[in-house]
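Q: have a look; sequence and predicted model below, questions after that.
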Amino acid sequence: MNHSCAATPRRVAFLSLAAGVLLCATGATHAAGVLDRVSAGGKLVIAHRESSIPFSYLDADKKPVGYAVDLCLKLADAVRKKTGAKNMAVEFLQVTPANRIAMVAEGKADLECGSITNNAERRQKVAFTIPHFITGARMLVRADGKIERFEDLDGKKLVSTKGTTPLKAAEQANRERLLHITILEAPDHARAVDMVEKSEADAFVMDDVLLFGLAANRAKPEALKVVGKFLTTEPLAIMLSKDDAEFKKLVDEEMRRLIVSKEIQPIYDKWFLKPIPPNDKALNLLVSYLLRDFWKYPSDFVPF
């Protein structure tokens, strides 16, 4: 018998300690919460979009701006206050509809500040804070056309952005209503609008607030119009990890404070009622009755 390999109490204790050290070393980065990381001198990573006007987009100087971006900067201030890290840096990370969930789920972004819908399917992978907007999917079409309803697209081409809920809703409606719509995918919102303008698609289905914002900032906004009934109901919210309860608690508390104190109102007015970049045109969209009612009792719970 080789006594050098015998499982003595001292050897078992040593091996257990070594295994524990190895486990901590390999898992510490993943397990550490956002607040702990920031307290230790780390940065906050905010994911943003390229063309989700007015929520999250790039201005003429390629700087991330928008309603959701401003809200996330408020959340960043709350993180600084909570951790005492007054000099905490904020890093911006551009994401797309196709990769935004993975970026948050994998810990590459702490907050996704765009125009994503909080729904049951996505809550399997990530978490959401209190909605900052409630919208619905409608269609952007050429103003000189005859499309007014979803049914008018029978035999025509409809585009939506890859990885979005309106795309799935359009596919479902196409099947259920036995229409013969050719559904196309665009990599981003800007390309989808471009396809409608160039007659590569007859309509673009997306959250109507995004359609108004995109159309207002085109070279000829009068050549486009938003039509149709709501195909979906979309509560838009800032996305974050579902595995960091302490961070989510802080984010929810700050969002609730912004809403209850009405501090969110001038931020809303800035992006929906006043001229915005890059073309200094106002969307003139008042707070909807749905959002106003939801904000009476702000919660991260949505029944979808």
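A: Received, thanks. Numbering: from 1, shown residues only.
Q: least trustworthy helix or strand in the chain by mean pLDDT?
A: Least confident helix or strand, the chain: helix 9-31 with a mean of 41, by mean pLDDT, DSSP states H and E.
Q: now the helices for the stretch 201-304 of the chain?
A: Secondary structure of the stretch 201-304 of the chain (DSSP state H, counting those that start in this stretch): helices at 208-216, 245-260, 264-272, 289-294.
Q: among those helices, which is nearest residue 130?
A: Closest approach to residue 130 among those (CB to CB): helix 245-260, 4.4 Å. Glycine gets a C-beta too; all of them are placed from N, C-alpha and C.
Q: packing partners for that closest one?
A: On a contact count with 3 or more CB pairs under 8 Å, 6 or more residues apart in numbering; DSSP states H and E, helix 245-260 meets helix 34-39, helix 67-83, strand 239-240.
Q: export those to TSV and tack on mean pLDDT, mean neighbour count and distance to residue 113?
A: Output for the helices and strands packed on helix 245-260, formatted as TSV (pLDDT from 0 to 100; neighbours: other CB atoms under 10 Å; distance: least, CB to CB, whole Å):
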stretch	mean pLDDT	mean neighbour count	distance to residue 113
helix 34-39	98	19	14
helix 67-83	98	20	4
strand 239-240	98	26	8
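Q: contacting residues around stretch 123-132?
A: The contact list for stretch 123-132 (CB atoms under 8 Å, 6 or more residues apart in numbering) reads 67-68, 71, 101, 104-105, 116, 118, 122, 235-242, 248, 251-252, 255-256, 259, 264, 291, 294, 298-300, 302.
Q: any idea how this structure splits into domains?
A: The record, using automatic domain parsing to delimit domains, assigns the chain the ranges 34-134+235-294, 137-232.
Q: picking up where we left off before, out of the helices and strands packed on helix 245-260, the one nearest residue 206 is which?
A: Smallest distance to residue 206 across those (CB to CB): 15.8 Å, for helix 67-83.
Q: restricting to C-alpha, output the helix or strand immediately after the closest one in the chain in PDB.
A: Moving toward the C-terminus from helix 67-83, the next helix or strand (DSSP states H and E) is strand 90-94. Written as PDB, here are the backbone C-alpha positions of strand 90-94 (Å, rounded to 0.1, in the frame of the first residue of the first chain):
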ATOM      1  CA  VAL A  90     -19.500  54.900 -16.700                       C
ATOM      2  CA  GLU A  91     -18.600  52.900 -19.900                       C
ATOM      3  CA  PHE A  92     -21.000  52.800 -22.800                       C
ATOM      4  CA  LEU A  93     -21.400  49.600 -24.900                       C
ATOM      5  CA  GLN A  94     -23.400  49.600 -28.100                       C
END
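Q: now the angle from strand 90-94 to helix 67-83?
A: Note on geometry: by axes from the mean of the first three to the mean of the last three CA atoms, to 10 degrees, strand 90-94 and helix 67-83 are set 150 degrees apart in direction.
Q: can you give me the buried ones in strand 90-94?
A: Neighbour-count burial for strand 90-94 flags 90, 92-94 (criterion: 16 or more other CB atoms under 10 Å).
Q: try stretch 122-135
A: Of the residues in stretch 122-135, those buried by neighbour count under the rule 16+ other CB under 10 Å are 122, 126-135.
Q: try stretch 41-49
A: Neighbour-count burial for stretch 41-49 [16+ other CB under 10 Å]: 42, 44-49.
Q: just checking, residue 166 touches residue 209?
A: No. Using CB atoms under 8 Å, residue 166 is not in contact with residue 209; the gap is 11.9 Å.
Q: tell me who's in contact with residue 162.
A: Going by CB under 8 Å, 6+ apart, the list of residues near residue 162 reads 96-98, 185-187.
Q: try it again with 7 Å
A: By CB atoms under 7 Å, 6 or more residues apart in numbering, the contact set of residue 162 is 97-98, 185-187.
Q: excluding sequence neighbours, find me the nearest residue to it.
A: Of all residues not flanking residue 162 in the chain, residue 185 sits nearest, at 4.4 Å (CB to CB, 6 or more residues apart in numbering).
Q: a strand runs through that neighbour, doesn't it?
A: Yes. Under DSSP: H, G, I helix; E, B strand; the rest coil, residue 185 sits within a strand.
Q: any idea how far it is from residue 146?
A: Using CB to CB, to the nearest Å, residue 185 is found at 25 Å from residue 146.
Q: neighbour-wise, which of those two wins?
A: Set residue 185 next to residue 146 and count neighbours by other CB atoms under 10 Å: residue 185 wins out with 15 against 8.
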